[in-house]
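**Q** Give the three-dimensional model of this entry:
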Amino acid sequence: MLNKTLKITINVILIIIIVLLSIYALLRFTNKIEILKVETGSMRDKINVGDYILIHKQSNYKVNDIVTYKINESYITHRIVEIDEDKIITKGDANNVEDSEITKEDIIGKVIVKGGFLNFLIRYKYILICIFLIIYLITCLFDKKEK
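**A** Residues are numbered from 1 along each chain as shown. Sure, this is the predicted structure:
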């Protein structure tokens, strides 16, 4: 039989997951957050090809922020190297030249999470959800048997 501490721990983890998923859904619905997959190596060593990035829309950006912007239906994730009033210059860390200037309106958002654990969560999200559901169902089954 499962002890009470394990049941409480599993329920707390499931509640946290549900709350985080709800917050994520709300932020996605309001266009405050995006998740994109990096396709090029222009930010190599900081952000690698195949990494997922979590982007948050902000009202202000500063030099050294890594931002994603959209130009001609392409998403580009580079570091801000210069801001001059409404003009913003970016450059990929692995690139030799700066990009053409953009405006704040072109920016989708600032990169707030990259790679690592985010990659793991996105790649294995369905497996993780199934594992947690199975664990939850098992705890419910044992809970009913104990009564």
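
**Q** If we go by neighbour counts, what in stretch 27-44 is buried?
**A** Of the residues in stretch 27-44, 33-34, 36, 38, 42-43 count as buried by neighbour count, 16 or more other C-beta atoms under 10 Å. Yep, even glycine has a C-beta here, placed from its N, CA and C like the rest.

**Q** do stretch 101-112 as well
**A** Buried, per 16+ other C-beta under 10 Å, within stretch 101-112: 102, 104, 107-111.

**Q** longest single strand anywhere in this structure?
**A** Looking across the chain with DSSP state E, the single longest strand is strand 74-84.

**Q** next structured bit after that one?
**A** For strand 74-84, the following helix or strand on the C-terminal side (DSSP states H and E) is strand 87-91.

**Q** Name the residues that touch the next helix-or-strand element following that next one?
**A** Once the chain leaves strand 87-91, the next helix or strand it forms, by DSSP H and E, is strand 102-103. Applying C-beta atoms under 8 Å, 6 or more residues apart in numbering, the external contacts of strand 102-103 come out as 69, 71, 86-90.

**Q** following the lengthiest helix in the chain, which helix or strand comes up?
**A** Looking across the chain with DSSP state H, the single longest helix is helix 4-29. Per DSSP H and E, the first helix or strand lying C-terminal to helix 4-29 is strand 33-37.

**Q** tell me what that following strand is packed against?
**A** Strand 33-37 is packed against helix 4-29, strand 52-56, strand 107-114, with contacts defined by 3 or more C-beta pairs under 8 Å, 6 or more residues apart in numbering; DSSP states H and E.

**Q** Provide the strand pairings for it, with the direction of each partner.
**A** Paired with strand 33-37 in the same sheet, following DSSP bridges, are strand 52-56 (antiparallel).

**Q** Could you pull up the mean pLDDT of the strand it pairs with?
**A** The predicted model gives strand 52-56 an average pLDDT of 92.
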